[in-house]
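*Asks:* fold the following for me, if possible:
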Amino acid sequence: MTTAILSALPEEQSSLIQHLANPQRVVHAGRAFWSGGLQGRPVVLALSGIGKVAAATTATALIERFGVARIVFTGVAGGVGDGVNVGDVVVAQDYIQHDMDASPLFPCWEVPGYGRSRLVCDGALSALILEAASACISSAGGQFGLKSEARPASGGPAFGHVRAARCVHHGLIASGDRFVSGAEEVHRLRSTLREAGHDILAVEMEGAAVAQVCHDYGLPFAAVRTISDRADDTAHVDFSLFVQTVASRYAEHMVLGLLRML
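*Replies:* Have a look, this model is predicted:
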């Protein structure tokens, strides 16, 4: 049973490709897919690119072309929930599309034809991801140390604070075709959703689309996101550096840990 590991950006899974046993590169639907073995398990690594349409296309290709048995999305997200800080990890319990609005034909956020606004992730697979994420977080400072106190030559932000703020959260993540990067927008988005009973922990741009595809195909889906920023006015400053220096190592250890437990 092949596991698909899906990410939006190359930096989010570059180290995983280096671990592949018997790697084979296949180009399909304009995307590169790497098949091989990790921890003795067959896997396919794929990059969706950014946004819901790109993510849905890639997820469909993984199912139709490669016959994967499950899809795991790993990458970064902006933290918006209380106590969700940079360096934390959020494992998705379910997803909502914060830019879905077919009203007045359907209630705001409801996915037309589904009778619901939230799509639930697979419970068993998410439980394994939670365990792998917790193990990763507890060993982060020691085994693969996030020694990010030094600033890059460009004078960008340091991430020494990541060492002091590491928690694993489990809950609702929102996806939309917009890079949320303003404090006012975050407040408005979170408040509006929470008033309707949707208390989101993080925001990103792909997961809900993959959840919908997996729902359609009856395929187990789980997602784990490392918090790269607080989705506020500094998000664009923190994002690129964090993905390269911290999130890629989180993804590597969480995915390898998950595959050991499958």
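*Asks:* name the element residue 225 belongs to?
*Replies:* strand 221-229 (DSSP states H and E).
*Asks:* no no, residue 201
*Replies:* Applying DSSP H and E as the criterion places residue 201 in strand 200-204.
*Asks:* return the set of buried residues in the following helix or strand past that strand.
*Replies:* Moving toward the C-terminus from strand 200-204, the next helix or strand (DSSP H and E) is helix 207-217. Within helix 207-217, the residues scored as buried using 16 or more other Cβ atoms under 10 Å are 207-215. Any C-beta I mention is one placed from the backbone N, CA and C, and that applies to glycine too.
*Asks:* same deal with stretch 179-198?
*Replies:* 179-181, 186, 189-190, 193, 198.
*Asks:* and it, how far out from the chain's middle?
*Replies:* Between the centre of stretch 179-198 and the centre of its chain there are 19 Å (Cα atoms, centre = their mean, to the nearest Å).
*Asks:* now that stretch - C-alpha only, CSV.
*Replies:* Extracted in CSV, the C-alpha atoms of stretch 179-198 (Å, rounded to 0.1, in the frame of the first residue of the first chain):
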residue,chain,number,x,y,z
PHE,A,179,-1.9,34.2,1.4
VAL,A,180,-3.2,35.6,4.6
SER,A,181,-0.7,38.2,5.9
GLY,A,182,-2.4,41.0,7.7
ALA,A,183,-3.4,41.3,11.3
GLU,A,184,-6.8,42.9,10.5
GLU,A,185,-7.6,40.2,8.0
VAL,A,186,-6.7,37.5,10.4
HIS,A,187,-8.9,39.0,13.1
ARG,A,188,-11.8,39.4,10.7
LEU,A,189,-11.4,35.9,9.2
ARG,A,190,-11.1,34.2,12.6
SER,A,191,-13.9,36.2,14.2
THR,A,192,-16.4,35.6,11.4
LEU,A,193,-15.7,31.9,11.3
ARG,A,194,-15.8,31.5,15.1
GLU,A,195,-19.2,33.2,15.3
ALA,A,196,-20.4,30.4,13.0
GLY,A,197,-18.9,27.7,15.2
HIS,A,198,-15.7,27.2,13.2
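*Asks:* picking up where we left off before, export the buried residues of stretch 179-198 to CSV and tack on secondary structure?
*Replies:* Converted to CSV, those look like this (DSSP: H, G, I helix; E, B strand; the rest coil):
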residue, secondary structure
179, coil
180, coil
181, coil
186, helix
189, helix
190, helix
193, helix
198, coil
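*Asks:* any weak-confidence spans in the stretch 101-250 of the chain?
*Replies:* 140-165, 231-239 (pLDDT under 70).
*Asks:* and the strands in it?
*Replies:* With DSSP state E, counting those that start in this stretch applied, the stretch 101-250 of the chain shows strands at 118-120, 168-175, 200-204, 221-229, listed in chain order.
*Asks:* what are the pairing partners of the second one, and which direction each?
*Replies:* The one in question is strand 168-175. Strand 168-175 sits in its sheet next to strand 89-97 (parallel), strand 200-204 (parallel), going by DSSP bridges.
*Asks:* can you check the longest one too?
*Replies:* Looking at strand 221-229 with DSSP bridges, its paired strands and their directions are strand 70-79 (parallel), strand 89-97 (antiparallel).
*Asks:* does residue 84 count as helix, strand or coil?
*Replies:* Residue 84 ends up coil, using three-state DSSP.
*Asks:* number of residues surrounding the nearest residue to it once chain neighbours are set aside?
*Replies:* Nearest non-adjacent residue to residue 84, counting by Cβ to Cβ, 6 or more residues apart in numbering: residue 201, 5.3 Å away. Using other Cβ atoms under 10 Å, the number of residues around residue 201 comes to 25.
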